[in-house]
Every structure is written in C-alpha cells, then in structure tokens.
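J.: Show me the folded form of this:
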Amino acid sequence: MPYAPRTEEEINTFLLAATLAQCGLTDTAAGAVIATILGNVGKDIAGVEYRLMLIRDSFDFMRAVGEDLDERVADMKGMEPRRGEGFASGAVMQLTRANSVGTLNVPAGALVALGADTRFGYRTTAGVTFANGELTFPAAGDTNYASVVALTGGYIGNVVKGAINVVVDVPSDVVSCTNVLAISGGRPRETDDELRLRGLAYLSSLAKCQAAALEFYALNHTDADGKSVAFARAFEDPANRAYTELVVDDGSGLTGLIESGQTVTGTLPASGGTFGVLYHYGPAVAPITVITNTTTGVTHTLDPLAPAWVSQEEKGIVFLLDGQSAFSPGDGWSIAGSDYQTYGGWIRSFQAVVAGSSGAPLAVTGLRASGTRVKVMPPLLQALDFVINMILEIGAVFDTVKADVEAVVIAYLAGLGPGDPYFESQLIDRLHNIDGLKAVELLSPGVTQLFPASPRKSFGLGSIQVT
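T.: The predicted model follows:
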C-alpha cells in the first residue's frame, strides 16, 4: 500500500498504548502530565510524517506542485519549462496623420488602445517614419505595418482586426490608428495542471509520430517571433488513411495568418527520371486545383473524378499522376498566386517542423511517419452572439463595468480550445467577480451548455450587447 501519514490521533493512541504496556501509570485522562507529554510528542511526529509525504510527492511528477513540478519538468530532456505570461504582439498597426506634408517620425513606445476599453493599451516596439506625401504608415500597398505589444498579458490582449483604434500617446499629427490584422500571442501563465498535462504529452511523444506526439510538439513549439499555441488537437481522418489534421489555436482563432499565394513557374525535365513533381509556396490552405501549361497555353482545372495530379498542399508539392495527358516532358507550367492562399506565422513555422527537411533529412527529421500526411491548420470558428443584462452596485460606472464584462467574455472564449464546450455557469462565475456588478443575466446564447458543431471548431465572439 502507498505510504500515507498517520493522523495525530492515531499516533497518540499508539504512544499511549506502548507507554501503559511498559509501566504502571494509570492517570491518562486529558490534562494529565503523561497525556500532555505524549500529545506533544504525537503532534511533532505527525508533522514529521506529513513533511516526509511532501518530500516524497515532490519527486512524483503527478503530485508535485509549484517549484517542485518545475524541477521534475527540468529533468525531461527536450521539455520546455513552464511558460510565463504571454503578451500579444505583432506587426499589425496602420497609422494615419492629419496631413502629408514632410516626414513624420513616430518613436518606439507610442501608445494606442482598444476602442472597447481604453484601459487596455499597446505600445509600438520600434519607431516608424511617414514619408513626405504619405498620409498613412505604411503607404498603400505596403504590408510592413507598425509592430506593437500589449501592456496586459493573457488572452485579453488577443483581439480581432480593427479592435485597436484609439490613439493615446502619439505625436499630435497622428490622428487615428487601426490594427489591420488580428493580434495574438497573449496567454496566462501556465498552471500546474496545464504544465503537468504537457509533461504527460511529452512522455507520450517519445515515439514522435503518433497523435499524442504531434499535439505535444505543437504545444512545445515557439516560432521565431516568440509565438506559441495553447491548444492542439490531432484528428486522424478515417476516410483518408495516413492523413491527419492538427488543429491548433492560441486563443484567438489564429486569424490573420492566411496570405495570398505567390506565382511559381517551371519547366518539366525533357527526359529521364521522375518529371512529374511541381513545387509551390506552402503550406497552402487548400489543394492546388488550377495549373497552366505555359507551353500549350492551356489552363487545366483538377477533375476530382479523373484527377491529373495529387496536391499535398501542406508540403507545397503537386505530384503529376502517371498517365495524365495535361503535361508532357519539357512543358512549361505555372501556378498563379491568385489561385491559392498560404498559411504564414506560427503555422508555417511548425508545418516545416512536422514535414522535416528534404535537403537535410538527418538534421531535420520531421515528425510524420513514412507515407503519412499531417496538415497543421487553425480551428474553424463558430461565432456566439451575447446579449447580457446587468444590475449595478450603487455608485458603479456603467461604461466601466460594461467594458469589464466584454473583456471577461472575450477572455473566457479565448480559453476554449477546439472542441471545448461553452458552459454558461463558468462564464457567470467569472462575471460575478467584476467590481460594481451586483447581478448579471445572460439572455443570449440562452443555453446552459453548448458544444461546437464539430470538434475542429472553436467558439469565438460574434457580437456582444450589454445593457
């Protein structure tokens, strides 16, 4: 049986029985000298046994907590340590000034804020310069947006496109701002339970290629911009053998990572070897369905019933099938950038880890097994519309409490990963912690619990009305 410390009562009973068995004492009532002495000894022994249990548990990965759990994680080679609080960041901001005369420098540290609640601010991380004649930075057609970082950590910093639209502390000529892309990367400090689950995933990942391993490596991966994800779910497709979709999310739905494709051209070898392999920028969002034969001038569209090629979009590869007649050795080919889209950011970074390197296969081995496909993708979003009725405490400011309610709803939804259910009671419990809020009623969604329509979907905020 596992060791468990004895209670103080159990120890006192044992000490008293052992003492009476060896001497003729009979006065053992409460308050007697012998009872008092044995009681103090028993209390000290109980404390020692409890401390011994804590020492034992500190070396047990499933029972260790706090710094002891951090020590156990440090023993796991390749396991990332506990993650601290993350601050949402990204190159997403467009600035507008009052007139276009001359140049204008906006130094690093300029402060902008959420339109819904100006208490939540973002600072620019590098200086930017408006060129003479330009009203906006960056100029039209330029995607080198100003970089910002949230001043508040956690999910609350992850916001949708257009949410950051208030200038707070910027040069006076700057009159407006907006985040033209969603911003992500914010997360709370990793809890003991979350770290322990990631540790268990690590132990399951040692074979590298099974579903649990893919989920672990996704949770443990940080891209060049310092971004990581909070959720990873692997779905093995029963209808397509050896194909897995790895759905990941950082709490924001990973919006804004889809980019336009880039046109690629090439020429098939005239003879010899395997000529039927085309490459494009990846990972693509969907399979390539349109390819132009530039030699004949004919544009071919993939026919699902009689395919001429197989697209492995996550790798950026198109395989021409034996017997197809769309292309011949020596033909030129083109895949137009307007005909496909690609994933950028964290998804592109981790997809490369999964696929490995064809140029250095021994150094970057990849995570997928031979003959299998793993596609990394963001969750499908299922929007929830909220209508919330509040009753305020006397003296509470409506706009302040309303902003707090909206922030709590956004943070709650950000904590739901792909397939995670919505529970009204959990949200109400968080809302009740808001200062100045006496009572709250959720009129919509109007259900006590709700599961996503698909395990690949995550709940996100559609609209919110607070009265």
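J.: Give me the buried stretch members for the lengthiest helix in the chain, please.
T.: With secondary structure taken from DSSP state H, the chain has its longest helix at helix 33-58. Residues of helix 33-58 classed as buried: Ile34, Ala35, Leu38, Gly39, Gly42, Ile45, Ala46, Glu49, Ser58 (neighbour count, 16 or more other Cβ atoms under 10 Å). Where you see a C-beta, it was placed from the backbone N, CA and C, and this is true even at glycine.
J.: now the helices for this protein?
T.: 8-20, 33-58, 66-74, 192-204, 211-219, 345-355, 398-414, 424-431.
J.: So for Ala270, which of the ones you listed sits nearest?
T.: For the helices of the chain, proximity to Ala270 was assessed by Cβ to Cβ; helix 345-355 is nearest, at 29.2 Å.
J.: Any idea which of the helices of the chain gets closest to Tyr281?
T.: Of all the helices of the chain, it is helix 345-355 that lies closest to Tyr281, at 9.6 Å by Cβ to Cβ.
J.: would you list every one of the strands in the stretch 351-467 of the chain?
T.: Secondary structure of the stretch 351-467 of the chain (DSSP state E, counting those that start in this stretch): strands located at 373-377, 380-392, 422-423, 437-444, 449-450, 457-466.
J.: pLDDT (mean, whole number) over stretch 251-269?
T.: Taken as a whole, stretch 251-269 carries a mean pLDDT of 85.
J.: Domain-wise, how is this protein divided?
T.: Per automatic domain parsing, the structural domains of the chain span 8-58, 89-179, 258-343, 382-466.
J.: Lowest mean pLDDT across those domains, which one is that?
T.: Per-segment mean pLDDT for these reaches its minimum on domain 8-58, at a mean of 78.
J.: and the end-to-end length of that domain?
T.: Domain 8-58 has an end-to-end distance of 23 Å (Cα to Cα, to the nearest Å).
J.: For Tyr217, give me the pLDDT.
T.: Residue-level pLDDT assigned to Tyr217 equals 86.
J.: Skip the chain neighbours and tell me the closest residue to it.
T.: Of all residues not flanking Tyr217 in the chain, Leu367 sits nearest, at 5.8 Å (Cβ to Cβ, 6 or more residues apart in numbering).
J.: Pro378: what's it in contact with?
T.: By Cβ atoms under 8 Å, 6 or more residues apart in numbering, the contact set of Pro378 is Val247, Val248, Asp249, Gly253, Leu254, Thr255, Leu257, Tyr343, Ile347.
J.: swap the cut-off to 7 Å and go again
T.: With contact set as Cβ atoms under 7 Å, 6 or more residues apart in numbering, Pro378 has these partners: Val248, Asp249, Gly253, Leu254, Leu257, Ile347.
J.: now, among those, which is nearest to Ile391?
T.: Distances from Ile391 to the contacts of Pro378, taken as Cβ to Cβ, are shortest for Gly253 (31.8 Å).
J.: how near is the residue positioned nearest the centre of the chain to Leu200?
T.: Centroid check for the chain by Cα atoms, centre = their mean gives Asp250 as the closest residue, at 1.7 Å. Going from Asp250 to Leu200 by Cβ to Cβ, to the nearest Å gives 21 Å.
J.: Out of the buried residues of helix 33-58, flag the one nearest to Gln465.
T.: Using Cβ to Cβ, Ser58 comes nearest to Gln465 of the buried residues of helix 33-58, at 49.6 Å.
J.: OK, contacts around the closest one?
T.: Going by Cβ under 7 Å, 6+ apart, Ser58 touches Ala64, Asp68.
J.: again with Asp237
T.: By Cβ under 7 Å, 6+ apart, Asp237 lies in contact with Tyr243, Thr244, Glu245.
J.: among those, who's most crowded?
T.: In terms of neighbours by other Cβ atoms under 10 Å, these top out with Thr244 at 21 neighbours.
J.: that older thread, now, the contacts of Pro378 that are in strands?
T.: Residues of the contacts of Pro378 located in strands (DSSP state E): Val248, Asp249.
J.: can I get the contacts of Pro378 in CSV with neighbour count and distance to Gly436?
T.: CSV is the format used below for the contacts of Pro378 (neighbours: other Cβ atoms under 10 Å; distance: Cβ to Cβ, whole Å):
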residue, neighbour count, distance to Gly436
Val248, 26, 37
Asp249, 23, 32
Gly253, 25, 30
Leu254, 25, 34
Leu257, 21, 37
Ile347, 24, 40
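J.: Widest-spaced pair of the contacts of Pro378?
T.: Taking Cβ to Cβ, the two most distant members of the contacts of Pro378 are Gly253 and Ile347; they sit 12.1 Å apart.
J.: if we can go back for a sec, would you mind telling me which of the domains of the chain is nearest Ser228?
T.: Among the domains of the chain, the nearest to Ser228 by Cβ to Cβ is domain 89-179 (12.2 Å).
J.: where's the closest one relative to the chain centroid, distance-wise?
T.: Counting by Cα atoms, centre = their mean, to the nearest Å, domain 89-179 is centred 24 Å from the centre of its parent chain.
J.: Now stretch 381-398: buried residues?
T.: Buried residues in stretch 381-398, counting neighbours by 16+ other Cβ under 10 Å, are found at Leu381, Gln382, Leu384, Phe386, Ile388, Met390, Leu392.
J.: could you dump those to a markdown table with distance to Gly185?
T.: A markdown table is the format used below for those (distance: Cβ to Cβ, whole Å):
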| residue | distance to Gly185 |
| --- | --- |
| Leu381 | 18 |
| Gln382 | 22 |
| Leu384 | 23 |
| Phe386 | 24 |
| Ile388 | 28 |
| Met390 | 31 |
| Leu392 | 34 |
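J.: if we take the residues you listed, which one ends up nearest to Gln312?
T.: Checking the buried residues of stretch 381-398 against Gln312 by Cβ to Cβ gives Leu381 as the nearest, at 25.4 Å.
J.: Can you give me the pLDDT of the closest one?
T.: We have a pLDDT of 87 for Leu381.
J.: Let me know whether it touches Arg456 as I believe.
T.: No - assessed by Cβ atoms under 7 Å, Leu381 is found out of contact with Arg456, at 10.3 Å.
J.: Spatially nearest residue to Leu443 (excluding sequence neighbours)?
T.: Among residues not flanking Leu443 along the chain, Val387 sits closest, at 4.2 Å (Cβ to Cβ, 6+ apart).
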